[in-house]
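[1] Compute the structure for the input listed below.
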Amino acid sequence: TIADYICDLVNIINYNNKLSQNQVDYMNRLGLLIYRDCNMRSYYNDGLSIQSSDKSTLDINQVKPLPSITEGLTVYEFFSGIGGMRLALPEAVRGIPIKRIEAFDCSDVANDVYHHNFHNDENSHIESNLHRILIDGLKCSDVDCKADIWTMSPPCQPYTTTKGANRKDNLDNRSRGIFHIMKLLKEMKYKPRYIVLENVQGFKDSKVLEIFKSVLIECNYSFHQYLLSPISCEQVLIPNHRMRYYITAEHKDSIGSNRFTSDIDVIHTKLPTQHIASITNISNYILSNLPNERKSQLLIPIDILKKPWATNRLSIVRSVDQTTYCFTKSYGRIYDKSSGSCYIEDQLDEIDRNDLTLYYGRIRLFDPDELLAISGFPQTFRWPPSTNLLKRFACIGNSINVTVVRYVMKSLFELPTNF
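    Below you'll find the model as predicted:
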């Protein structure tokens with residue numbers, strides 16, 4: 001439609017930073033007005049509500065029928081990024097194998113990485129298709145009765161709490177995708193059995209989440225909410241701070257769904273008891289055979305080490321340490337602990353922070369493959385040659401911790417929810 005076309009242009013112009021901030025704000029408001037006038041969104045008080053274009057009084061809150069073992073389960077992976085969610089999935093749910101995954105994302109860089117790793121994988125029994133589209137381009141007929149499981153990690157920028165972030169929550173154009181998913185969920189007659197969503201910690205206080213939970217309740221879902229970090233989640237205990245919000249939902253018509261009750265105000269800070277891990281040193285994630293040419297690209301420049309602010313603003317960890325700051329999409333572009341930690345080689349004692357230039361040549365960024373390991377990605381994960389260093393950092397910063405999500409899914413698919 002014309003409205004879709006205009007809003008897509010707004011998104012593209014905004015993404016490429018071709019407008020001033022005032023112009024971007026104006027175009028954002030224009031985009032939202034267009035959607036409202038097309039009955040895709042409507043305002044109430046200070047937030048947004050989702051109105052379905054289907055005014056039928058028919059029962060549309062049924063769950064998709066359970067497939068046979070031969071047919072297998074289908075997963076729709078929205079905002080698929082580089083494929084973290086699919087890597088967290090189990091091979092089977094309640095004895096039924098996952099046979100097909102449909103991925104949806106509009107990022108060319110992330111899609112290239114996804115395609116490089118999962119297209120025509122001869123070792124996989126899963127049929128995989130990647131759709132390079134905006135989520136709001138999907139129609140109800142594209143999703144109704146098509147998938148048993150939905151996973152999603154929507155854009156986090158509208159909710160992030162990092163310094164200088166422009167938190168617009170429901171008024172941010174990048175929230176369009178999740179609002180469209182809510183609209184589709186309300187319109188569908190046969191809904192997915194399970195839904196898993198991940199986002200930044202700030203999402204828990206957003207208007208978007210408030211509306212999302214109301215849609216889940218209206219569509220007959222029970223859900224649990226979590227705030228978890230790899231370094232504190234007792235099943236994981238990976239030396240990295242990355243606090244994230246998770247919500248897992250199960251349709252109440254699902255078999256055994258009476259085990260799953262929701263309290264819309266409770267956010268759990270631990271998962272149901274599974275097993276207890278042991279915290280590991282940074283050394284477990286460091287590549288011992290990193291080529292010198294590759295290592296030289298990661299070195300922190302001497303000019304940065306000379307900066308007065310570097311003594312306090314650079315997070316520098318050793319192989320024996322057991323913690324790192326959260327790695328964000330700005331890693332490698334912004335030298336600051338807010339974007340992630342640096343690594344110092346061949347250093348067991350505490351460093352002298354009064355003169356960091358003493359360590360020039362040994363303080364470097366973590367390699368992207370080291371960050372993949374910290375994030376729970378398998379060693380078989382590979383980068384396309386066209387993806388440069390900064391793009392790799394950005395992909396990881398925008399992705400998920402696979403290990404944490406794996407245990408979140410395990411609590412949804414397999415275990416009784418006892419806390």
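
[2] For the residue nearest to Asp253 when sequence neighbours are not counted, grab the count of nearby residues.
    Computed as C-beta to C-beta, 6 or more residues apart in numbering, the closest residue to Asp253 that is not its neighbour in sequence is Val63, at 4.3 Å. No exception for glycine: its C-beta is placed from N, CA and C like everyone else's. Neighbour count for Val63, taken as other C-beta atoms under 10 Å: 22.

[3] Please report how far Tyr331 lies from Leu237.
    As for Tyr331, its distance to Leu237 is 22 Å (criterion: C-beta to C-beta, to the nearest Å).

[4] Show me which of the two is the more surrounded one.
    Using other C-beta under 10 Å as the criterion, Tyr331 and Leu237 rank with Tyr331 on top: 26 against 16.

[5] The residue nearest to Asp253 and Ile211: what is the separation?
    In terms of C-beta to C-beta, Val63 sits 22 Å off from Ile211.

[6] Next up, the contacts around the residue nearest to Asp253.
    With contact taken as C-beta atoms under 8 Å, 6 or more residues apart in numbering, Val63 is in contact with Tyr190, Lys191, Pro192, Arg193, His251, Asp253, Ser254.

[7] Would you mind finding the longest strand in this structure?
    strand 96-105 (DSSP state E).

[8] right, and the secondary structure at Tyr343 would be what?
    strand (DSSP: H, G, I helix; E, B strand; the rest coil).

[9] By mean pLDDT, which helix or strand of the chain comes out lowest?
    Taking mean pLDDT, DSSP states H and E as the measure, the helix or strand of the chain with the lowest value is strand 42-44, at a mean of 36.

[10] distance between stretch 198-205 and the chain's centre?
    10 Å (C-alpha atoms, centre = their mean, to the nearest Å).

[11] Enumerate the positions of that stretch that are buried.
    Within stretch 198-205, the residues that count as buried by 16 or more other C-beta atoms under 10 Å are Glu198, Asn199, Val200, Gln201, Gly202, Phe203, Lys204.

[12] Need the max-distance pair from these.
    For the buried residues of stretch 198-205, the maximum inter-member distance is 12.9 Å, found between Glu198 and Gly202 (C-beta to C-beta).

[13] Doesn't Leu227 lie inside a helix?
    No. Using three-state DSSP, the secondary structure at Leu227 is strand, not a helix.

[14] low-confidence ranges in the stretch 1-150 of the chain?
    The stretch 1-150 of the chain contains residues with pLDDT under 70 at 1-60, 121-123.

[15] Would you map the helices across it?
    Residue ranges of the helices in the stretch 1-150 of the chain, as given by DSSP state H, counting those that start in this stretch, are 2-15, 21-37, 84-88, 108-118, 140-143.

[16] relative orientation of the fourth one and strand 96-105 in degrees?
    When you say that, I think you mean helix 108-118. Angle, helix 108-118 to strand 96-105, by axes from the mean of the first three to the mean of the last three C-alpha atoms, to 10 degrees: 150 degrees.

[17] Show me how far helix 108-118 is from its chain's centre.
    The answer for helix 108-118 is 15 Å, by C-alpha atoms, centre = their mean.

[18] what sits against Ile300?
    Leu314, Tyr335, Cys342, Tyr360, Ile363, Arg364, Leu365.

[19] cool, Asn61 as well?
    Residues in contact with Asn61 (C-beta under 8 Å, 6+ apart) are Lys191, Cys219, Asn220, Asp253.

[20] Over to Asp105?
    Phe79, Ser80, Gly81, Asn111, Tyr114, Leu130, His131, Arg132.

[21] Mind checking which of these are buried?
    Buried among the contacts of Asp105 (16+ other C-beta under 10 Å): Phe79, Ser80, Gly81, Asn111, Tyr114, Leu130, His131.

[22] Present those as TSV; the columns should include distance to Met243.
    As requested, these are arranged in TSV below (distance: C-beta to C-beta, whole Å):
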residue	distance to Met243
Phe79	19
Ser80	22
Gly81	19
Asn111	27
Tyr114	25
Leu130	30
His131	31
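
[23] just those now: which is nearest Arg176?
    Phe79 (11.8 Å).

[24] which residues does the closest one contact?
    For Phe79, the contacting residues are Phe104, Asp105, Ile135, Met152, Ser153, Pro154, Pro155, Gly177, by C-beta under 8 Å, 6+ apart.

[25] what's around the third one, how many residues?
    The number of residues packed around Ile135, counting by other C-beta under 10 Å, is 21.

[26] Which residue is the nearest non-sequential neighbour of it?
    Gly177 (3.7 Å).

[27] if I read this right, that neighbour contacts Cys156, doesn't it?
    No. Using C-beta atoms under 8 Å, Gly177 is not in contact with Cys156; the gap is 11.9 Å.

[28] tell me, what residue is most central in this structure?
    Most central in the chain under C-alpha atoms, centre = their mean is Ser153, positioned 3.6 Å from the mean C-alpha point.

[29] For it, give me phi and psi.
    For Ser153, the backbone dihedrals (degrees, to the nearest 10) come out as phi -140, psi 80.

[30] contacting residues around the residue nearest to it when sequence neighbours are not counted?
    Closest residue to Ser153 apart from its sequence neighbours, by C-beta to C-beta, 6+ apart: Glu198 at 4.6 Å. Going by C-beta under 8 Å, 6+ apart, Glu198 touches Met85, Met152, Ser153, Arg244, Tyr245, Tyr246, Ile400, Val405, Val408.

[31] Distance-wise, check the residue nearest to the second one when sequence neighbours are not counted relative to Asp253.
    On the basis of C-beta to C-beta, 6+ apart, the spatially nearest residue to Met152 that is not a chain neighbour turns out to be Phe78, at 4.1 Å. Using C-beta to C-beta, we find Phe78 at a distance of 22 Å from Asp253.

[32] ok, these two, which is more surrounded?
    Shown here are Phe78 and Asp253; by other C-beta under 10 Å, Phe78 has more neighbours (25 against 14).
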